[in-house]
Structure formats: C-alpha cells, structure tokens
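Undergrad: Build me a model:
(chains A and B)
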There are 2 protein chains.
Amino acid sequence: MATRRQLAVEDVLRVNGSRRFAAALASASPFASLADALLAARRIWLNEVDVNGWLEAFAAHPPIGATSPSVSKWSKEEQSAALATATDSAAQELAEWNARYREKFGFVFMICASGRTAPEVLAELKRRYENRPIVELEAAAQEELKITELRLAKLFSSEAVVPPASV
Amino acid sequence: MATRRQLAVEDVLRVNGSRRFAAALASASPFASLADALLAARRIWLNEVDVNGWLEAFAAHPPIGATSPSVSKWSKEEQSAALATATDSAAQELAEWNARYREKFGFVFMICASGRTAPEVLAELKRRYENRPIVELEAAAQEELKITELRLAKLFSSEAVVPPASV
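TA: Got it, this is the predicted structure:
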C-alpha cells in the first residue's frame, strides 16, 4: 500500500547503504505510490550515485552465506534459500570463492539471493569471477538495485494504510 | 629504444599510481620492446586492476590546470598546452568545473591533455559532466591508460640502449 509520509534518511539507509542515495531518495519523498518510489530509486541509483556511493552500498552487505547476529533481518530473509540449501562443503566453497572474488574485484560478491539456492549462487559466483572489474562493478550495481527495490517494497508494505487527505 | 632491464615497482608507480598495476607490470618485466610493455600494460589495466586500483591511479593526478611545485614533471609536460592557452577566466572556469565534476563523480576529471588546449579541455569537461558515473569511470580509465602508455614510452626512451646479449 502507498505511504504518504516523508521518508527519513535513516529509513532509506536500511534499504541501501549509500548516504548519497539515501539523502536523494528521502528528499524526493513522499511518493504517491510504490511504483513512483521505485522509479525514483532507479533514476537516482543509476544516474546520481557516484562509484564511491556504489562501493559504500555494497560494503553494507555481508558476504553470501555469512551469518552472524549483526546481519540485518532483511539480509537473513534474502539469503534464506541459499542458507537452507548449503551443505557444509558448499558453505566452505562459498566462503573461499567469496574471498577470491573480493580480492580480485575489491568488493563483496553482490547477488540478489532471494529464492536462489546455494548451488545456484556458487555457480553464478564462479561464472562472474571471470569478468573484467568494470563489468562486475555494473553487475553488482544492478544486483544492489534489485535488493533496493525489494526492500523498498517491504518498507512500503509495512506502513499502515493512510487514507488520502481530502484535496 | 627497448630496455632489457627489470622494471622496479617504484619506476612503474611514476607511470601509473595503482600499486596493483605497478606490481603486476614490474612482475611482467623485462620486456623485449616498448610494444610488448604497452600490450602488458593494457591487459593488466583493463582486466586485472580492480575499481579501487583505478581510483588510486586517478588520485595520483592533479586537476587539469592546477599547478604547484609538487606536481610531477610528467604532469606538467602533459598539461603544457592547456596551461599555455589558459586565460585567467578560463583557468577560473576550469577550476569550477573540476570541482563540480569531482563532486558528482568522486574522482578528478581525467583527460590525456597532451597537446590539448584549455578551451578544448573545458569543452570536454562540460560534455562529459552529463554522463552517468559508470560511463565516466570507464572514460577516466581509458584516459589513464593513454597517459600510462605515453609515460611508458618516455620511460623506455630515457633508458640507454642495451645491445642484445648473444644467444
């Protein structure tokens, strides 16, 4: 359901860890609908957030398969299929390839993992490892955008329905 | 002329400020010819240096038009046409647009300035300012590569000719 309230920067930072993104989206709110919010998010993310902002957002994510109490509720939900389907040896392989990926590309392997199993994630990681760094930067940004859109949808659906004010 | 000597990391860092690039090129040396060195430089820069390494290399350059005692001899040579053709107001405009560019993209405006006048550089800066950050990242990397190649050529031409050992 739509929310007519102004988004605070702190709200948006839970959706996407780039401060530039969060400030811009908060500033563009309130939105008449989720669709409007998603359009604004896409525009801002792809055109206004600089490379440092992209890296900042990636850094807000734990590696796929890494679990700890500090990992956000949303990260856990997004990774649930992968975590549920990871055998001990798959988890080990994921950790090794994550480390190799980070060493080559300089940021965590970004994948919108919702609904994807551990074997699928590992296959993607190995495939994408062969890419040039600039290609993977853009791939990571596209995955971050998917995650951002999913989280915005959750944010909007958790809001109480506010009856439109009379105009 | 070709040099048969091993390149030290310190030599290469003067050519390109990325430590990953410098280590890889030094490790690939000695080269039988400048052409071989240029091929290796291109391969390493475009395929092996991560985005952080790219940003590190860009950060080693002063903004176009900025002069100070600490600016390297090569930077001064590369910028000589631009500096010679800059009126006071052009220099002011360059400084303003450089600042605007850095604010938007997060790194200095990269251009292989050799032989280019201040009006040309300013026109390029205004044109490229409109690009998306990922597009400018790749543009900057291509300019850095041109500078790297020019500087490698200077490095090789400054070496004494070493007669080939008998084989």
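Undergrad: And what about the residue nearest to the spatial centre of chain A, helix, strand or coil?
TA: For chain A, the residue nearest the mean C-alpha position is A:Ile147 (3.3 Å; CA atoms, centre = their mean). Under DSSP: H, G, I helix; E, B strand; the rest coil, A:Ile147 falls in the helix class.
Undergrad: Which residue is the nearest non-sequential neighbour of it?
TA: Distances taken as CB to CB, 6 or more residues apart in numbering or on different chains put A:Cys112 closest to A:Ile147, at 5.1 Å, once the chain neighbours are dropped. In short, each C-beta sits where N, CA and C put it, glycine included.
Undergrad: Return the distance of that neighbour relative to chain B.
TA: 18 Å (CB to the nearest CB, to the nearest Å).
Undergrad: How about the secondary structure of that residue?
TA: coil.
Undergrad: can you pull the contacts of it?
TA: A:Glu78, A:Glu143, A:Lys146, A:Ile147, A:Leu150 (CB atoms under 8 Å, 6 or more residues apart in numbering or on different chains).
Undergrad: One more: A:Asn131?
TA: The contact partners of A:Asn131, by CB under 8 Å, 6+ apart, come to A:Ala139.
Undergrad: Can you find the helix or strand of chain A with the lowest average pLDDT?
TA: Least confident helix or strand, chain A: helix A:73-84 with a mean of 77, by mean pLDDT, DSSP states H and E.
Undergrad: For that one, list the C-alpha coordinates in CSV.
TA: The C-alpha coordinates for helix A:73-84 follow below in CSV (Å, rounded to 0.1, in the frame of the first residue of the first chain):
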residue,chain,number,x,y,z
LYS,A,73,16.8,-9.2,9.3
TRP,A,74,16.4,-8.3,5.6
SER,A,75,19.8,-9.8,4.7
LYS,A,76,18.8,-13.0,6.5
GLU,A,77,15.5,-13.2,4.7
GLU,A,78,17.1,-12.6,1.3
GLN,A,79,19.7,-15.3,1.9
SER,A,80,17.3,-17.8,3.5
ALA,A,81,17.1,-20.1,0.4
ALA,A,82,20.8,-20.1,0.0
LEU,A,83,21.5,-20.8,3.6
ALA,A,84,18.9,-23.5,3.8
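Undergrad: Need the contact partners of stretch A:86-93.
TA: By CB under 8 Å, 6+ apart, the list of residues contacting stretch A:86-93 reads A:Gly65, A:Leu94, A:Ala118, A:Pro119, A:Leu122.
Undergrad: Ok, stretch A:142-155 next?
TA: By CB under 8 Å, 6+ apart, stretch A:142-155 touches A:11, A:14-16, A:21, A:34, A:37-38, A:41-42, A:45-46, A:54, A:57-58, A:61, A:74, A:78, A:110-112, A:114.
Undergrad: Out of these, which end up buried?
TA: A:11, A:15-16, A:21, A:34, A:37-38, A:41, A:45-46, A:54, A:57-58, A:61, A:78, A:110-112 (16 or more other CB atoms under 10 Å in any protein chain shown).
Undergrad: before we move on, back to that, please report phi then psi for the residue nearest to A:Ile147.
TA: A:Cys112 adopts backbone torsions of phi -80, psi 100, taken as degrees, to the nearest 10.
Undergrad: circling back to that earlier point, so how do I select the buried members of the contacts of stretch A:86-93 in ChimeraX?
TA: Buried residues within the contacts of stretch A:86-93, by 16+ other CB under 10 Å, are selected in ChimeraX with:
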select /A:65,94,118,122
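Undergrad: near chain B, which residues of chain A?
TA: When proximity is defined by CB under 8 Å from any CB of the partner chain, chain A lies next to chain B at A:46-55, A:104-107, A:132-134, A:137-138, A:141.
Undergrad: that older thread, which one among the contacts of A:Cys112 gets closest to B:Ala84?
TA: Nearest to B:Ala84 among the contacts of A:Cys112, counting by CB to CB, is A:Glu143 at 47.2 Å.
Undergrad: Let me see the mean pLDDT of the helix or strand containing that closest one.
TA: In this structure, A:Glu143 sits in helix A:133-157 according to DSSP states H and E. Helix A:133-157 shows a mean pLDDT of 95.
Undergrad: angle of that helix against helix B:133-157?
TA: Interaxial angle, helix A:133-157 versus helix B:133-157 (axes from the mean of the first three to the mean of the last three CA atoms, to 10 degrees): 160 degrees.
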